[in-house]
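Engineer: Quick one, what's the 3D model for this:
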Amino acid sequence: MEKEGRQKNYRTLERLVRGFANHRRIQLMDVLKNTPEMSVDEISDSLNINYKTTSDHLRRLAIAGLVFKKSDSVSIRHKLTKRAEYVLKFLRTLE
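Structural biologist: Alright, predicted model coming up:
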């Protein structure tokens, strides 16, 4: 039973790592760290990338538990989770 629990934990970690294992997603997290609660339009403009690409990266980050989405009645705003802040700190130690 304990082995199954460890296996599940490894899969959870894999999902997390896959969530940020892309240079654009890391860049996107960095943008959200500096300017929280941005819309897809604002993020895509700031990174000079396609709206659809930005939206897909945000979706992947949300699945990994790295981005929180909230509605402000006009648009969806995106904010980093605490987990994403820890990931960014960890990545800085690798530089």
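Engineer: Helix or strand for the spatially most central residue of the chain, just tell me which one.
Structural biologist: What sits nearest the mean C-alpha location of the chain, by CA atoms, centre = their mean, is residue 61, with 3.2 Å. Assigned by DSSP states H and E, residue 61 falls within helix 51-63.
Engineer: what's that helix in contact with?
Structural biologist: Helix 51-63 is contacted from outside by 15, 18-20, 22, 24-25, 28-29, 40-41, 43-44, 47, 67-69, 78, 84, using CB atoms under 8 Å, 6 or more residues apart in numbering. For glycine as for every other residue, the C-beta is placed from the backbone atoms N, C-alpha and C.
Engineer: CA atoms only: put the next helix or strand after it into CSV for me.
Structural biologist: As assigned by DSSP H and E, the chain's next helix or strand after helix 51-63 is strand 67-71. What follows is strand 67-71, C-alpha atoms only, in CSV (Å, rounded to 0.1, in the frame of the first residue of the first chain):
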residue,chain,number,x,y,z
VAL,A,67,-1.6,29.4,-11.9
PHE,A,68,-4.9,30.4,-10.3
LYS,A,69,-7.7,31.8,-12.5
LYS,A,70,-10.3,34.2,-11.3
SER,A,71,-13.0,36.2,-13.0
